[in-house]
Every structure is written in C-alpha cells, then in structure tokens.
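Trainee: sequence unknown, structure follows:
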C-alpha cells in the first residue's frame, strides 16, 4: 500500500515533519493482515524512508512497539504493559525502559495508537510513563458529505460546500483518480473518525442510483476509506422502492417494500462487505418519507434497519423534520418545536441498529441556539448529534470561526442540571456526526484555518471532554511546523489569539442574543435582517418598533420551553433567569429590557456589533504582522489575508446593517454616539 | 409564400375569424414584387381560400382594392381617392361606391393598410367614407428580445422571460423550424411593429458570435421577419473587437477598432442587406463600454453608427448606465440621477443614425416612476423610449396587469407643461422600443391575457394618442371572436372590466406611492419590503419608525428634481404640489403626512393594500362566472383561472407583508380596525 502524498495539496495536520519522531527511530509492528494493520506498517515504512529510521524485525530492538494483543506472543516490551481488556478501537500507550509501546485489541485501535504517537511527536519518546488507556467515548464518529454527482442547478456540486468541488464526483462522473479520497481518509483517521456518508442527504435522481446500478462507485470510494478504518455510508431516498424498484409504493409496512430493501441491501453487502449503512432525510424539505403512507418515522427507520441488521449495518435517520411551508402570519406554529413534537413520542420504538440523528439545536446550525430538547427526551433511542463543520451559517469558510467552543458547550450540556448526564453521555452509542467542510480545494477547506474545525470535530468525537483551546493548539502545532529559523512561539500565539475566540466574535457581529436567521435567503451569506421574516421557513424574529424576540414560553408563547425537563424548562421560561445569549430565542422583549450584563437589549446590539467588527479588524492586523516572516508559507499567508479582508468587510456590513435596522426601528440612539447610518 | 397557421399555438389577435370580412369578398391587389407586397397577396389568397372569397384580376370588379401608388396606373376606385403624398409606411383608407380602397406609397404601408382592414372587419365594408390617412407617429417601433442562445445559469433561456423558452434558440442551438418566428412576425406586423432586436442586451460569449461566425442564424431569423416588413437588430458586445477580433483594445477612437467595426458590419450587410442595426448596453451592470478607455458614450455609439451608416443601419445605444455597486450608507448617490448625469451633457454629440434608448423611468420599469428626465433634456439627440412589455416588476405574467394606461401616461407626459411637447413628440424619429414578453409558450405570453400588452404596445407605437381602453377593446374583439351562440357582450364586458384597471390594482397591492423595489431580490417576484434596502443596487426607501421615502429634492435631498425643467422641477420639489402617486419617490415624509386624497400616508398604505387585494379577488370572481359558457375556450379559461388563483394569493401576500411591515414600524393602527398581522 502507498501512503498518499499529493502534489499541490496542503498536507493539513499530517505534514512530513509530523512523522519525524517516528520516522527517525526503529519501530516494531506486530499485527495481522487486516487493512488497518497493513496501513500501520506502510505508514511506519513511509515515515522511516523519509526520516532515516527503520522497521525492526521480530526480536530486534526497537524504540517503538506497535502490537495487537491478538497477533501472536507479544514482544517483551509490550508484555510489560499488557493488562485487562482494552476494548474496541482503543489502545494503551506507555513508555518504559526506553521503549514506547502501543497495544491494541483490534487493528483500528492500533491505527489510532499510531496516530496518537504521531500527534505527540518527540514527546512520545521522552520520559517513562505508565500505560494509559485511550478509548473513544463515542462509538460512532462520522462525517457526512452533502456531495452531489450532478451539479445541482441551485446547490451546485456540493450543497453548502465552500471548498471547491467534490472529492468524489465532478459534473456527473466519479473522479478517475481517487487518491484525494485516500489522503482524506488518512487525515480523518488521524483525528479518530470511523464513518463517512458520501452523498447529499437530499438525494436527487442520479444520486439515488448509487444504491443500485452505480453501486460500483460506492465500492470504489469504500476501497479508499477502508485502509484507514473508515466505513462508508450512503444517503438513500426513502422512495427508492418506487423510483428504483418499480414498486407502486414505498410503504414501510408493505411486505414487497421490506423485501425490496432486504434484497437491495444484500446486494450492497455482496459488493462492500464492510458497508456502514444508510443515512436518510425523510419527510423533510420536500424529500419523501413514511408520512405519505400514514406511517411513523419509527416505521420508516425500522424497515431500513431490518434490511441492514443481518449485515451489521446501521441506519442514520435524521430528525430534521418540520413544516417548511409555514404561514408567517400564524404565530402558533413554532419550527423549533417540530423535531420534539415528531420524535419524542416515538422513543423506544426504533430498532437497535437505527440511530436517530438530531441537529444540535432545534433550528438549523445557527451561530447560537439552545441544545435540541429531543436529545434529552429519548432515553430509549440511540441518538447521534449532528453538527455542521461546513460553515453554512458561520461565515462559509470566508470568516475565521473556530467552532469547537460551541460544540464543546453542546456536548457538555446537561438536561437535568449539574448532576444529570451530558449530551456526550447520551450519545455514546449513537455518536457524533457532522457535515464535512472538505472539497477539492488545495487547502481542503477553502479557508486554510477552517481545517481546524475538521480536526477538532474528530478529536471531540473521540473525546468530548477535550478542551477546545488545547485541541486548537494541537492542530496549530501539527499543521504549522516551524523550521529552525522560524519563530514558532509567535506564529502559534498569533494563530491561537486569532482563532480561539473567533466564534464569539462572529456571534457579536451577526444576529444578536440568540435570535436566528438574519442571513440572506438562499445562499445564507451576509446580513439580511428581515430576509426570512415573511417567508414560509418558520424563522422569525418579530422585531417591531417596540421590541424583538420570539416568545417561546409556556405562559404566553409557543410553549417550546416545556419541551425541556427541569431545571431548563424553568430557566428558559423565566425572563429573569434566561441566559442573555439566548434571550431573544425564548422571549420577546422591549428594546429597553436590561440584560444580566447591565445594558439594554438595543444598546447591547450596538455594542456587540461595534465590538465584533473591531475584533475582526484586529484579527486581520495580527495576521498581517506575520507577513514576510519565515514562519508561514507565503501562499497560505496570502490566501488567509485575502479572506480576512473579506471577513472585515463582511463584519462591517453586518454591523452597519444590523445597527441601522435597529436604530431605524427603535429610534434609540447609541449611548456612545457612534456613527449608525 | 405560405401563411403560418400553427397547430397547437394560440392565434392571438389573428384567428381565422378575423379574416372573414376580407376572405369572403373579392379583392384586387395591385402592387410590386417586394416582400411585403407579396405577403399582402398571399394573405388575401389565404383568407379567400378559407372564407370563399376571390382575388380579382386586373380590371375586374372588386369589393376591396389594395394598391401601391408606384405600381402602374391605379385602378379606377383607387384613382378616386388618390391625393397628395401619403408617406413612408402610411396608407389611405376610403370606401366609395361600394369599394373599399387602401392606397399606399410603399409596400409596408400596403401591408399595414391590409391589417387595418382586418382589424376593422365588416365595418371596413359598411358605409361610405372619405379617404382617411393613417401614418405611424413614430418612425421606429421595435421589440427587443432578451433571449440567450445558451441557457444562462441564473437568467435562463430568456432573461426576464415568463413565457417558456425562446422562439429563436433552445439549449445552445437555433430551432430548426422557425415557423414560429414567421407567425410572430405576422402578429407584430398586424400591430405596426417594424423592428426586432433578437438577442439579450447582456451579450454573453456565445451570443457575441452572432455577429461573426453565427451570423447565418441571424440571417435565418431575418428571413422570417422580412415578409412582414420587420428589420432585425442584433445586440452586440462593445468589447467585440477584443473578444472576436483579436485586437488588444475596443477603444472607439482607435483606428483599428473603427476599421474592425466597419469591416465586420460590412460582412453583416453582405448577408442581410436589410439588417436594421445594433443594440448596445455598455458600461452597465458589468457590460464593457467606452469608460474603460476614457471615452464618452457618444464616442462609443458613434463608432458603431459610423460603421452602420453606409448601409442605412442605426445603433440603439441604451442609456441604462448607473453605479450598481453603490454603498447604501451613502445617501448622496442617487441612482435615479445617473442616466441624466451621464447623458444630458452629451446632447448633440451623437450621430444622426445613433439613437439613445432611454427607459421610461429613471430606475428600472417599476410599477410607478416619474418619466425619465433624460427624455426632456436632449433636444438634439434622436431618442427612443424603452418600455417593458415583459412584466418583470408587474406580475411576471402571473398577474393580470394591462400596462397600456401606464405607457399612455408616459407618452403623453409634457416636460414643459401643457403647451410643451409630449414624450411621443420628442421620440418621433427615435421611436418606441419594448422588451418583448413572447416565448415558445402555446399562448405566446404565458398568461393568455398578457397578449394584450404586446398588442397594445404595437398600437401605441403606431399612434401614441390612442385611448388604452379602446385598444383593449380592439384586442378583445379580435382575440375572442364569439360564435352565434356565445354571449359576446358578456365576455367582452368581463374582460374589459378585469383588465382595464388592472395596472392600478397591481399598484395598490404592491409598493406604495411611487416608492420602488419592494420585491424579492434576484427574481423580482413577490414582496420583500427590505429586500433591496441594504444592497448595492441603489434602490432604497429609507423607512424608519417615523416615516418613509426618498428625499430627491434640491433643497434637502439628492437634487434629482433639478433634472426636470419647470414646471415639473417645482411641482416635484414641492411637498404640497407633488402628486400623491409619486410622493415617496420624491420626498421622505412622516407616516402621518396627509395626502391630497385627505388620508395619511400610513393609512393610505393600509387602505390601498386592502383594496388592491379585494380587487384581485373580484377579478377572479368575475372570471369564474364565465366558466362553462361557450364564449371562451375551456383550456384558456382554465389557465387564466389558475393564474388568477396565484394573483389573489400573491396580492394577499403583498397586502399582509406590506401592512405588517408598516404597522410594526410605525405603530399606527388601521383606522378601520382590519386585521394586520
């Protein structure tokens, strides 16, 4: 097997330098002939070839031992650290007597252990340390691609993609050379990802056929992911029995439909034995679903789950179901309520291999939303939380917006207060899923610094308790190796400063206080305060001359607060207790309402927008200081500089539009007399 | 020559019944072998073949004599009416001693005379009447097609087209069968149109080549228009010398550029001897132009005019030049001023065969705008006024909106007061141009009733003084021939009632009081009060909690009123004198400002929107009464019914969004307590 080193493609967090610690030493690999184990051998050989190290033969001395517990008698160094069961995908890491040992029960664990040593670099070969167990907190760690085969007339090659084209398809055909996919798999494995959904959840006609006559393309992609321990999933159209099978129904309780799914799924596994399963967006934004047949979403998910079960596959069934033809005049309908209304009553009705995939918030990947109440309401269902690495609403990879702090808040949220389980605990078997931000861009993610979001997602999916700031530093350290004459401290300090608080900066200059959707309809970039206000999409703020916000209380509003258990049902219901940052999500208040911060709502809007735009300008200034230094590649510096120009321009546009809108509407002047248009 | 009777295509105002009066009689045609004269013979023969009449030989008795003054000795009946010169494209029409006579100096006049007899039907063969002279008031009567060859990714096959595809091209290739074009030419000739621009003024790469290697396609289209006396024009890209000619400049004063245009134009005339000329959109919305070379628009137009002059062609140079990257924060820039600022100083600098084509209003075909001050400011320039038959901003052929009353107001507007010249007088040599609303739709215009706009445009271009209501009745009478058992009065009464006031109805439920652009950005359909408010397009209303409108006065605003001569400069400047319907175009006023009508601005907004939506509902109800009667074709009735459903829905949406917007912003309740959301 060849390790993919692509010309003209940025190596992201796996530059050659990252392998120098391993590659300059002697490594013994004792493993089986599984794909991930062969990958580990090939990786070690590749690193050694580049950095002058060597592969140790059986019995030879080694600086690093990578061993499977199941692959024959352990080398002595490994024997010393062996203990109780390590568990699926986990590994032990130890350093004793000058030998670093990675020990795993399965090949995937060995691969993750290898990349952990890469991540630690020279530190892995430093002081002795006892065996520490590394195990993924979440079983399923998945990236979904919203890639189309045909270029969609509105959504393009990649729906909500901001990084060029798809790494899988272009203009209707699969790429002949899939080495980019292999390189992507490698990057993902280094963060701990073990599953990928390869096509858009909006499954159009051509893409539907991936399940049948274009299955060969799925197999080709799976072959690229397999060496790195990643299973491939397919988004399927719920109406496939009709569209592809020629049946007159897709009713999940119809025996012919069940048979069709079983037969079709059997054919998939005959070609791809380690196929992961399906992803389904049903009865949502025009996609077909079980409602057409008077069946529940549990019925819908289960027919697919049953077809997958004999083969060990799972179905990811998305909970993103709401009325997208809402009447804005009707204030009793609340899109935020929809997923809970639809799904909470179905708790316990889903098969063991059906995973309900729930967006982290009740709306749609906004910069600030409360955590979706569905996640706290279905203890008897396997739940996956869905995040959006692609920055649809958070700057579209033109703005620096490091999202890990938001995700960390979500994963740490406890529905029943400090003693309850965190979101990360609720989703151990279901997992964490995110929409990928990767395309065929030379930097993978359009904005070079958006790589950090992809990296952090994988790391948090492995270990949700990680500190986002530490993960950021990890990413910086790997991605920006600094040569002898570079100023590593300065580069890393600048990047950390630029990125760590960037989500909150973005929040400051965009929609305020948890009110959502002040973006341009359609493409969702840039401000349009009333853009969605009178539409069918259920995304309103109800600003008038007196105040703003959505009343979602039980007392006087839509009752959405009642979807939370105590204490949150009370905290959110109470104007006095509701956190400032979510105030307008839950309450309609006068512009003069005083926040916990001590300022009024309208003054907060002005202050936050002036501050946010200033912070964006400061980011640009900080980055400019690195220009011409040897610490950062000139081309990369140039691209980031251009994007920061756009971010500053856009932040000022946000500031001016939002402030002007509220000055015109409220008539309240800025307390500090700054210029509002 | 065969007269085009197309299967499956609605005959519009030329159904077989329209030819029964001529076709059932004996007609003598005395003319030459020119294309229009041959058409007249073929039309008469076709009508006779259908209705049992006959063509009279020389010297034979006839009920109708159609004669050219230049084609040999006149028949006795024609001699009796002959008199002084009739003039280009004109004709005399008389009935004496039981013979109806049409006499013309040129073949085009004969053709128009023939269609006048068709229009009059049996009445042309009634009582005797002395010779009346018919002459076109405007020399140039032109329709422009914004058709693309390739389907544009955003704008489609026909930019701002709402009637299916193009009648010329489909998906990059010309239609093999151009009989639809011939039938279109026939319809146009029957209204008096004598020129057609065949391609989009936004000239993309493929379309640019119509001038050179795809010239054969232009020739093929010209061959279809020629028999009906219509000359073909081509929209060309100002940068053609670079893009097509391989020059390094398109500078209009560069000798190589002049030579290139002369040579290229010569080649066009070698293939199409009666080619009409060019249409150019330069330095506008991204199109190239003379500004790039520091030259004026007169320089730009004149290089093309000089190339065309030896061949008798003209260039239509569009005055739609403005800054479309305006900063909404900058209230000193006023898009309405742009055309006058750019072009008025150039008066007298254009060649005789250069026609400056000016949109009727200073913005862009809004439902209500003042007349463009450019039209009153260039006495030494040939001016054409441009209208929009395609209903981009007036309901997109989903709403009934009969536009002739608006056009009639424009054509009758007198810049210097009652004793001054009307717009129609200013444009006698330049003419009237409109963007066509025709596509490959079976009804030609999407909405069957939108045919009336096409018909009325041609009639008003011929004779601007016609009463729009009378033109409407003319169209109804021709288009809806009612058989013996149909109730003609009822049908015609219903249609007249539905259509005659429909522009004012549309105005009532859309943007109020001359404020513009409250439409959804991009596609321009449906309401979005703030849709363009914070954009680069220069289309603002500045509504805040206290008031609304654009201050374009000299005293305190952008000074736009100063572009008008007295008395309008004073009328528009004065809050007291400014007409209500243009108030917000010229003034920013408080919501409580009292209109001449006696109501406040905000109450007017509420009243007009409730009334407009009610009127739309009443239109639907009136139309429904015709269902199942024998007076109107069932398929046509069904299509209009569906479209009226959409019009009512859309009108209610307009009403509710606009009223809600202003209630939220002003806080002023409706005086009549009606429901506003």
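Mentor: Arrived safely. Note that the structure is a prediction, hence the values are computed from the model and not measured.
Trainee: all strands of the stretch 451-600 of chain A, in order?
Mentor: Here the stretch 451-600 of chain A has its strands, by DSSP state E, counting those that start in this stretch, at A:547-548, A:589-590.
Trainee: dump the ones you listed to a markdown table, plus mean pLDDT, mean neighbour count and distance to residue B:324.
Mentor: From N, CA and C alone the C-beta is placed, and that goes for glycine too. Output for the strands of the stretch 451-600 of chain A, formatted as a markdown table (pLDDT from 0 to 100; neighbours: other Cβ atoms under 10 Å in any protein chain shown; distance: least, Cβ to Cβ, whole Å):
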| stretch | mean pLDDT | mean neighbour count | distance to residue B:324 |
| --- | --- | --- | --- |
| strand A:547-548 | 98 | 22 | 32 |
| strand A:589-590 | 98 | 18 | 39 |
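Trainee: list the contacts of the closest residue to chain B within the stretch 351-500 of chain A.
Mentor: Proximity of the stretch 351-500 of chain A to chain B (Cβ to the nearest Cβ) peaks at residue A:398, 17.5 Å away. Residues near residue A:398 by Cβ atoms under 8 Å, 6 or more residues apart in numbering or on different chains: A:162, A:446, A:447, A:525, A:643, A:646, A:647, A:650.
Trainee: kindly recompute the last result at 6 Å.
Mentor: Going by Cβ atoms under 6 Å, 6 or more residues apart in numbering or on different chains, residue A:398 touches A:643, A:646.
Trainee: now do residue A:14
Mentor: Residues in contact with residue A:14 (Cβ under 6 Å, 6+ apart) are residue A:190.
Trainee: residue A:397 versus that one, what's the distance?
Mentor: Look at residue A:14 and residue A:397: by Cβ to Cβ, to the nearest Å, they are 20 Å apart.
Trainee: just the closest residue of the stretch 51-200 of chain A to chain B, please.
Mentor: Closest contact between the stretch 51-200 of chain A and chain B, by Cβ to the nearest Cβ, is at residue A:153 (7.6 Å).
Trainee: number of residues surrounding that residue?
Mentor: Residues near residue A:153, counting by other Cβ atoms under 10 Å in any protein chain shown, number 9.
Trainee: rewinding a little: looking at the strands of the stretch 451-600 of chain A, which is nearest to chain B?
Mentor: With respect to chain B, and counting by Cβ to the nearest Cβ, the nearest of those is strand A:547-548 at 10.2 Å.
Trainee: quick one: strands adjacent to the closest one?
Mentor: Strand A:547-548 sits in its sheet next to strand A:589-590 (antiparallel), going by DSSP bridges.
Trainee: do the helix or strand just after the strand it pairs with and chain B meet?
Mentor: Per DSSP states H and E, the first helix or strand lying C-terminal to strand A:589-590 is helix A:601-624. No - under the criterion of Cβ under 6 Å from any Cβ of the partner chain, chain B is not reached by helix A:601-624; the shortest gap measures 12.2 Å.
Trainee: quick check: buried residues in helix A:601-624?
Mentor: Across helix A:601-624, burial judged by 16 or more other Cβ atoms under 10 Å in any protein chain shown covers A:601-610, A:612-616, A:619-620, A:623.
Trainee: which other helices and strands does that helix contact?
Mentor: helix A:488-500, helix A:502-509, helix A:634-666 (3 or more Cβ pairs under 6 Å, 6 or more residues apart in numbering or on different chains; DSSP states H and E).
Trainee: tell me which residues of the first one are tucked away?
Mentor: If I follow you right, that is helix A:488-500. Buried residues in helix A:488-500 (16+ other Cβ under 10 Å): A:491, A:492, A:494, A:495, A:498, A:499, A:500.
Trainee: in the stretch 551-677 of chain A, what residue comes closest to chain B?
Mentor: Closest point on the stretch 551-677 of chain A to chain B, by Cβ to the nearest Cβ, is residue A:664, at 3.6 Å.
Trainee: next up, the contacts around that residue.
Mentor: Applying Cβ under 6 Å, 6+ apart, the residues near residue A:664 are residue B:544.
Trainee: how close does it sit to residue A:510?
Mentor: Note on residue A:664: its distance to residue A:510, by Cβ to Cβ, is 19 Å.
Trainee: chain B versus residue A:346, what's the distance?
Mentor: Residue A:346 is 34 Å from chain B, where distance means Cβ to the nearest Cβ, to the nearest Å.
Trainee: pretty sure that residue is touching residue A:299, no?
Mentor: No - here residue A:346 does not reach residue A:299: they are 9.3 Å apart, not a contact under Cβ atoms under 6 Å.
Trainee: thinking again about what came up before, is the residue of the stretch 351-500 of chain A closest to chain B in a helix, a strand, or coil?
Mentor: Using DSSP: H, G, I helix; E, B strand; the rest coil, the structure places residue A:398 in coil.
Trainee: could you find the closest non-adjacent residue to residue A:464?
Mentor: residue A:424 (3.6 Å; Cβ to Cβ, 6 or more residues apart in numbering or on different chains).
Trainee: which bits of the stretch 251-400 of chain A sit near chain B?
Mentor: residue A:329.
Trainee: from the stretch 251-400 of chain A, which residue is nearest to chain B?
Mentor: Relative to chain B, the nearest point of the stretch 251-400 of chain A is residue A:329 (4.3 Å; Cβ to the nearest Cβ).
Trainee: how far away is that residue from residue A:217?
Mentor: 46 Å.
Trainee: then residue A:514?
Mentor: Using Cβ to Cβ, one obtains 42 Å as the distance from residue A:514 to residue A:217.
Trainee: neighbour-wise, which of these two wins?
Mentor: Neighbours were counted for residue A:514 and for residue A:217 using other Cβ under 10 Å; residue A:514 has more, 24 against 20.
Trainee: contacts only, for that one.
Mentor: Residues in contact with residue A:514 (Cβ under 6 Å, 6+ apart) are A:368, A:581, A:582, A:584, A:585.
Trainee: equivalent analysis for residue A:101, please.
Mentor: A:65, A:77, A:78, A:81, A:94.
Trainee: wasn't it part of a helix?
Mentor: No - per three-state DSSP, residue A:101 lies outside any helix segment and is strand.
Trainee: tell me which helix or strand the closest residue to residue A:19 other than its chain neighbours sits in.
Mentor: Of all residues not flanking residue A:19 in the chain, residue A:47 sits nearest, at 3.9 Å (Cβ to Cβ, 6+ apart). Counting by DSSP H and E, the element that carries residue A:47 is helix A:35-51.
Trainee: helix or strand right after that helix?
Mentor: Assigned by DSSP H and E, the successor of helix A:35-51 is strand A:54-55.
Trainee: next one: the nearest residue to residue A:495 once chain neighbours are set aside relative to residue B:481, how far apart?
Mentor: Leaving aside its chain neighbours, residue A:495 sits nearest to residue A:476 (4.9 Å; criterion: Cβ to Cβ, 6+ apart). Distance from residue A:476 to residue B:481, counting by Cβ to Cβ: 80 Å.
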